[in-house]
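Chemist: Quick one, fold the following:
(chains A and B)
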Amino acid sequence: GAVVSQHPSRVICKSGTSVKIECRSLDFQATTMFWYRQFPKQSLMLMATSNEGSKATYEQGVEKDKFLINHASLTLSTLTVTSAHPEDSSFYICSATPSGGTGETQYFGPGTRLLVL
Amino acid sequence: AQSVTQPDIHITVSEGASLELRCNYSYGATPYLFWYVQSPGQGLQLLLKYFSGDTLVQGIKGFEAEFKRSQSSFNLRKPSVHWSDAAEYFCAVEYSSASKIIFGSGTRLSIRP
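Modeler: You can find the predicted model right below:
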């Protein structure tokens, strides 16, 4: 089956530093990937849609200069949290839709837990 | 506006009892419908999905869901729950192919021994 990985699975950083999270589709190509954020005991909220070779589309209220998304290849999208602050601490989950398929099914990564001290 | 409602925040059922988790969506057309399960600190696992056709969908782990257009609902059911079913359950909708997924607020399921 389609597998999506995320790296790292867990990261702790100091306030003011930047953190990069990778999302990879391991056995399929993904033209479109999605980034979600989940705060404790809350649902997943879509942050942005990442399209290979073009700029990401951000949801309302998500700062594009703070959450930099790069989708340079059909199997890799990265989310960089710039100048992280404690309020950015959250569980970040990506998903990917196989290219060339019917597109209805998104495959989710295992998530990355970010803690900003 | 497009939305997904899971009216039950937390449900507790006895092991072996039946389960039904409610989900309603708002939209003019029929979206793609999903149920996901999330264990603490883990990612999402797809239980089942509905795109078209038979309105009763069978999923993994003995779960099923029924799409009712007239009620804009997609309730999840299981005839007999196991202690390992304790988790957070999310209903989700996707309104067109390869578009964003909107998640409900989730229902936390606890199992009483």
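Chemist: Settle this for me: residue B:59 is touching residue B:48, isn't it.
Modeler: Yes - the pair residue B:59 / residue B:48 is scored as a contact, 2.8 Å apart, by Cβ atoms under 8 Å. For the C-beta atoms, the positions are set from N, CA and C on the backbone; glycine is no exception.
Chemist: Now do the shared contacts for the two.
Modeler: Common neighbours of residue B:59 and residue B:48, counting by Cβ atoms under 8 Å, 6 or more residues apart in numbering or on different chains, are B:35, B:65.
Chemist: Which residue comes closest to residue 74 once chain neighbours are left out?
Modeler: Going with chain A. residue A:29 (3.9 Å; Cβ to Cβ, 6 or more residues apart in numbering or on different chains).
Chemist: that's the wrong chain, I wanted chain B
Modeler: Leaving aside its chain neighbours, residue B:74 sits nearest to residue B:33 (4.4 Å; criterion: Cβ to Cβ, 6+ apart).
Chemist: Now whichever strand or helix holds that neighbour: buried residues?
Modeler: Assigned by DSSP states H and E, residue B:33 belongs to strand B:32-38. Neighbour-count burial for strand B:32-38, counted by 16 or more other Cβ atoms under 10 Å in any protein chain shown, picks out B:32-38.
Chemist: Convert the helix or strand that that strand is followed by to PDB, retaining C-alpha atoms only.
Modeler: Elements were assigned by DSSP H and E; along the chain past strand B:32-38, the next helix or strand is strand B:44-50. Taking Å, rounded to 0.1, in the frame of the first residue of the first chain, the C-alpha atoms of strand B:44-50 are listed here in PDB:
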ATOM      1  CA  LEU B  44      -4.200   8.600  11.300                       C
ATOM      2  CA  GLN B  45      -5.400   5.200  10.100                       C
ATOM      3  CA  LEU B  46      -8.100   5.000   7.500                       C
ATOM      4  CA  LEU B  47     -11.000   2.800   8.600                       C
ATOM      5  CA  LEU B  48     -13.200   3.200   5.600                       C
ATOM      6  CA  LYS B  49     -14.300   5.500   2.800                       C
ATOM      7  CA  TYR B  50     -17.300   6.200   0.600                       C
END
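Chemist: between strand B:44-50 and strand B:32-38, how big is the angle?
Modeler: Interaxial angle, strand B:44-50 versus strand B:32-38 (axes from the mean of the first three to the mean of the last three Cα atoms, to 10 degrees): 150 degrees.
Chemist: what helices or strands is strand B:44-50 leaning on?
Modeler: For strand B:44-50, the elements it packs on are strand B:32-38, strand B:56-58, strand B:64-68, strand B:73-78, judged by 3 or more Cβ pairs under 8 Å, 6 or more residues apart in numbering or on different chains; DSSP states H and E.
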